[in-house]
Structures are given as C-alpha cells and as structure tokens.
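*Asks:* Coordinates only, no sequence provided:
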C-alpha cells in the first residue's frame, strides 16, 4: 500500500520540474503545460469518491488491483506520448487509476490496523510515503536533466508493477457479496462535472479572460451539476456520498474541510516553488529539486510522530498546530522571497514541510475513526477527493493570484519608469524568452540586449506576485485553523462497529499491524 501511495506522490511532485522540458520538446507555453499536472488531478479528484464506493461494493483488493493496473498502463502511455494532446489524455487516465488506487490503499491499512492503532499505522504510511515526497522533486529534476521528461513518466511503471504483484501476493481475497452491488453512476458523473468545470474555468481564465464563454460556461455547468449532485444524493437509495455521515459526524466534516485546504497548500505551492527557485533565484531544475528538500525531508520524521500524537490526543490539537505552522511558513516565505536568495527561504520551506506533514497525516484517521467501518471505503474516497480537488483548485487559484498580481505590477512599474511600452510582437518574444528561462534558470546575460532593461522590472514584479501569493496561502491556512477549532473534537471519537460489514470480515482475517501505513505528504 505504501508503494501504491508513493507512485501517486511521485507523479505529482516530480512533474513540476519536468514541465520546462515538456514545453521545449512539445512546443507549448507555460499556461498549456500546467495541464500536464492538472489533467491528472482532475479525474483523480472527480472519481475518488466513486473509487472508494466501488471498494465498499466490490472489495478493496479487487479495486486496488484494477486501479494499479490502469495507472501502470497510463504511465507507459504518458512516457511514450508523441504529442502534447496524447500526453494530457494519458495523464487523465492516470488520474482515473489513481482514483481507484488511493482510497482503497488507505482503507486496507486502516482495516488491518484497527481503530486503536489507526493513527500510528496511517502515520507510519505517511512517513514511508514521505520518502517518495522527498525524492520526487530530485527525481524530477535529475531524470529531466539526464534523460528528458519522458523518464519522469516512465519511472512510475516499475513501481506500479511491484505494487500490483505484492498486492496479489499478500492481500487476502475479498469476500463474495450476497447482494448485487448498485453503483451510483449518475452521482459520479455529476460530481466529476462539478469538480472539473470549476477548475477548468478558473485555469482558462488567464488564457481566454473571465468574459469568455469557455470560462463562465464551465463554471456555470459546475454550479448546476453541484446542486443536482446534492439533490440526487439525498434522494437515491445507495448514494455515492452519504451526506448524513457528514451531518452526524462532526470530525468527519472537519477533516474533509481540512483535507481540502491542505491539498490547496500542498499542490498549489508545489507549482509556485519551482517558479521561485528557477525564475527568481536562477537555479537549474536539478538544484531546484534539491532546494525543495527542506519541505519534504521533515515529513519522514514528522508524519509518524503526528500519527502517534493523534492516538494520544485526538485530531483537534495536531490540526490546529499544523495549520498554524503553515500560516507562519507563508509569512516567513513572504519575507524570504522579498529578501532574495535561497537562504532566506529555507525557514519558510521547513515550516511548510512540518505543518503539511501534520495536517495530511492526521486528517485520514480523524475521518476513519469517526464513522462505522462499513463506510471506510467511501470516507477514504471523500477524504482523498477533498485533497485532490483542493490541490487542483489550489493550482488554478494560486496561479490566478500570481499571474494577476504579477502582470498588474509589471505594467505599473513600466508606466512609472522611463522604459517604453513593448509592442505586441516584442511582448510575445519576451514571454517566450521567459518560458525558455524556466528550463535553465534565469540568466540575464542570455537575453536579447533589447530586453535586458526590462528584466529587473520583471524580477521586481515577480517578487511582488510571489509575496501576494504567499499572503493568500496564509489566509488559507488561517481558515484551516478556524475550521479545525470549530469542527474537530478535542479527544478521539470511537467509531461504531458493524461486524457484518465486508471490511470487518476483512479486518478479522488479517494480522493486526502487518501493514505499513498511510500514504502521502507533499511536493
């Protein structure tokens, strides 16, 4: 299960360092290249609840094996994709496989560990998966520099095959169900439209403008689908998402909100950090990956400790502390990027890694401990959906904040200076040169002499944009503190048990404590 989680994590944390290589080989711009990451996140977020529900209906082992197989084949397709369009399609299929793989792996570990050991077990899984998080940016930078971006996609194939073989060898077969399972396909379709529409509209707003039909129509469709999903799920006999669970179990609702906010900070800043390190500081992709170690290495130690902390004190205190550290990290990053250089950024990067490790490790056991065991697959899916949708939303939201504040500041600085306005053709050339700089690091001497007077202005505008973006992340973290204080209980909530459920039978058939635990952390 740890390997299964690791391949999801590696595919997310390594890709941002490979995007400049994708842009160069497949001849796409920076805005389009973001879809290499977003295309995997959207179906992952859209189908995670369905994946968890399918695990409840058809069995954890069956769905895990299916998801891992799809992910392996899609990774192979992404690595061999001859065009940008086929690469995006392969990444989307990867997301579908991950949506089946991720919630089942967490539910399997939770079933093995039992309620009393869930925090420690899932924390141990988080610590093991954090090794992948620590290696992801380094892997992305090193493989891209040595072999190109295709190696970053293909590295997932042997990992997925290993996870598939091991799951077939060690995970017991699922019990046969006496009843014919009913799958809420309508709910799954409505949820996917709602999630994809919001992120697609926000992402394309910086390309087409907010008044474009390609922006406001997807957002409108998302709102309509979201309302329809809520109505359908309240009336259907076997809903994809049981809203009654969210109403009855306050910890579950609080952890779901926390997971979404944590995902926004995790993946949104996963896109921003490489831009700061490469374009602002001037590091090449390999060194940028190494420079991100302060965000990932603390998780190897912190994630297991956070799990034990939860076992002792419940979820409220760790979550409040985790989000408070994330807010402090954002403030430290604001001052660090303003000061310039890598050194001033390190305290903020370190606090970010520690805070995120606590939040992402504690959220899962808070959710799973608060509901009956027969809903663990669904709850794992909802939790993972919140994180992945939060991540996709965080990427688009923080990119909008960064782009808007950067462009506004750039025009203001040019107007205040003696520099002449660039023509449309010059602006396009300057934009292309900046895109190329993402592949090697920003070197003033490599630019056309006619553009060099504008570089300091662009640098100052970029610094302003990063400061505003980190301020936005501080606000998100503060929302996490407030929601955790209001919704998550101070002590652990013991979940009611139902020994007639398939997961209870599964848990009884496996030796407690044999699995490594949780899953994710950060990039």
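*Replies:* Received, thanks. For clarity, every value in this text was computed on a predicted model and none was experimentally measured. Numbers count the residues shown, from 1 in each chain.
*Asks:* from here on, contacts and neighbour counts on C-alpha atoms
*Replies:* OK.
*Asks:* Break down the stretch 301-450 of the chain into its helices, ranges please.
*Replies:* Here the stretch 301-450 of the chain has its helices, by DSSP state H, counting those that start in this stretch, at 316-339, 346-369, 376-416, 424-440.
*Asks:* Can you say which of those helices is packed in most?
*Replies:* Comparing the helices of the stretch 301-450 of the chain by mean neighbour count (mean count of other CA atoms under 10 Å), helix 346-369 ranks first with a mean of 27.
*Asks:* who does it touch, helix- and strand-wise?
*Replies:* Under the contact criterion of 3 or more CA pairs under 8 Å, 6 or more residues apart in numbering; DSSP states H and E, the helices and strands touching helix 346-369 comprise helix 118-147, helix 250-275, helix 293-313, helix 316-339, helix 376-416.
*Asks:* who does the shortest one touch, helix- and strand-wise?
*Replies:* If contacts are counted by 3+ CA pairs under 8 Å, 6+ apart, helix 293-313 sits against helix 118-147, helix 316-339, helix 346-369.
*Asks:* what's downstream of the first one, the next helix or strand?
*Replies:* This means helix 118-147. Scanning forward in sequence from helix 118-147, with DSSP states H and E defining helices and strands, the next element found is helix 149-154.
*Asks:* avg pLDDT for that following helix?
*Replies:* Throughout helix 149-154, pLDDT has a mean value of 89.
*Asks:* Now do that helix: everything it contacts.
*Replies:* When contacts are taken as CA atoms under 8 Å, 6 or more residues apart in numbering, the neighbours of helix 149-154 outside the stretch itself are 11, 14-15, 18-19, 21-22, 75-76, 78-80, 139-140, 143-144.
*Asks:* Among the residues you listed, find me the one that's closest to residue 107.
*Replies:* residue 11 (21.2 Å; CA to CA).
*Asks:* hang on, the closest one packs against residue 156?
*Replies:* Yes - taking CA atoms under 8 Å as the definition, residue 11 is a contact partner of residue 156 at 7.2 Å.
*Asks:* And those two? Which one has more around it.
*Replies:* Here residue 11 and residue 156 are set side by side on neighbour count (other CA atoms under 10 Å), and the busier one is residue 11, at 26 against 22.
*Asks:* any idea which element the more buried one lies in?
*Replies:* Taking DSSP H and E as the criterion, the element that holds residue 11 is helix 2-13.
*Asks:* Next, the angle helix 250-275 makes with the helix or strand following that helix.
*Replies:* Going down the chain from helix 2-13, the next helix or strand is helix 15-26, by DSSP H and E. Using axes from the mean of the first three to the mean of the last three CA atoms, to 10 degrees, the interaxial angle of helix 15-26 with respect to helix 250-275 works out to 50 degrees.
*Asks:* Tell me what angle whatever helix or strand comes next after helix 15-26 forms with helix 376-416.
*Replies:* Using DSSP H and E, the helix or strand that directly follows helix 15-26 along the chain is helix 30-58. Using the same axes, to 10 degrees, the inter-axis angle of helix 30-58 relative to helix 376-416 is 170 degrees.
*Asks:* Could you give me the buried positions within helix 30-58?
*Replies:* 30, 33-58 (16 or more other CA atoms under 10 Å).
*Asks:* now do stretch 146-154
*Replies:* 148-154.
*Asks:* Make CSV from the residues you listed and add distance to residue 383 to it.
*Replies:* What follows is these, written out as CSV (distance: CA to CA, whole Å):
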residue, distance to residue 383
148, 34
149, 31
150, 31
151, 31
152, 27
153, 26
154, 28
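*Asks:* out of these, which one sits closest to residue 388?
*Replies:* Here the nearest of the buried residues of stretch 146-154 to residue 388, counting by CA to CA, is residue 153; it sits at 19.2 Å.
*Asks:* Distance of that closest one relative to residue 306?
*Replies:* 31 Å (CA to CA, to the nearest Å).
*Asks:* Could you list the residues in contact with stretch 224-241?
*Replies:* Counting by CA under 8 Å, 6+ apart, stretch 224-241 makes contact with 49-50, 53, 182-184, 187-188, 190-191, 193-194, 242-243, 378, 382, all of which sit outside it.
*Asks:* of those residues, closest to residue 288?
*Replies:* Checking those against residue 288 by CA to CA gives residue 382 as the nearest, at 33.1 Å.
*Asks:* who's in contact with the closest one?
*Replies:* 48-49, 52, 241, 256.
*Asks:* from the residues you listed, which two are the most distant?
*Replies:* Within these, 52 and 256 form the most distant pair, 14.5 Å apart (CA to CA).
*Asks:* which non-adjacent residue is nearest residue 88?
*Replies:* Nearest in space to residue 88, with sequence neighbours left out and distances taken as CA to CA, 6 or more residues apart in numbering, is residue 36 at 5.5 Å.
*Asks:* sorry, back to before: with distance to residue 232 added, can I get the helices and strands packed on helix 293-313 in CSV?
*Replies:* Below are those laid out as CSV (distance: least, CA to CA, whole Å):
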stretch, distance to residue 232
helix 118-147, 33
helix 316-339, 32
helix 346-369, 23
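*Asks:* how about those helices, which one is nearest residue 164?
*Replies:* Where the helices and strands packed on helix 293-313 are weighed against each other on CA to CA, the nearest is helix 118-147, at 16.7 Å.
*Asks:* returning to that earlier point: including distance to residue 4, could the helices and strands packed on helix 346-369 go into TSV?
*Replies:* Output for the helices and strands packed on helix 346-369, formatted as TSV (distance: least, CA to CA, whole Å):
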stretch	distance to residue 4
helix 118-147	9
helix 250-275	19
helix 293-313	17
helix 316-339	25
helix 376-416	14
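*Asks:* So which of the ones you listed is nearest residue 94?
*Replies:* That would be helix 376-416 among the helices and strands packed on helix 346-369, by CA to CA, at 13.4 Å.
*Asks:* for the record, mean pLDDT for that closest one?
*Replies:* Per-region confidence: helix 376-416 scores 81 on mean pLDDT.
*Asks:* report the angle between the axes of that helix and helix 346-369?
*Replies:* Following the same axes, to 10 degrees, one obtains 150 degrees for the angle between helix 376-416 and helix 346-369.
*Asks:* just to revisit the earlier point, lowest mean pLDDT across the helices and strands packed on helix 293-313, which one is that?
*Replies:* Across the helices and strands packed on helix 293-313, the stretch with the lowest average pLDDT is helix 118-147; it has a mean of 70.
*Asks:* Chain neighbours aside, what residue packs nearest to residue 174?
*Replies:* The shortest distance from residue 174 to any residue that is not its chain neighbour, by CA to CA, 6+ apart, is 5.3 Å, and that residue is residue 59.
*Asks:* Determine the number of other residues adjacent to that neighbour.
*Replies:* The tally of other residues near residue 59 (other CA under 10 Å) stands at 22.
*Asks:* correct me, but it touches residue 108?
*Replies:* No - when contacts are counted by CA under 8 Å, residue 59 is not listed as touching residue 108 (10.1 Å).
*Asks:* what's the pLDDT at residue 224?
*Replies:* With respect to pLDDT, residue 224 scores 94.
*Asks:* which secondary structure element contains it?
*Replies:* Per DSSP H and E, residue 224 falls inside helix 213-235.
*Asks:* and that helix, how far from the chain's centre?
*Replies:* Average the C-alpha atoms of helix 213-235, do the same for its chain, and the two points are 23 Å apart (CA atoms, centre = their mean, to the nearest Å).
*Asks:* coming back round to it: for residue 484, which of the helices of the stretch 301-450 of the chain is the nearest?
*Replies:* Residue 484 sits nearest to helix 316-339 of all the helices of the stretch 301-450 of the chain, at 5.9 Å, using CA to CA.
*Asks:* do you know how far the closest residue to residue 46 other than its chain neighbours is from residue 378?
*Replies:* In space, not counting the residues next to it along the chain, residue 46 is nearest to residue 192; the distance is 4.3 Å by CA to CA, 6+ apart. Taken as CA to CA, the spacing of residue 192 relative to residue 378 amounts to 16 Å.
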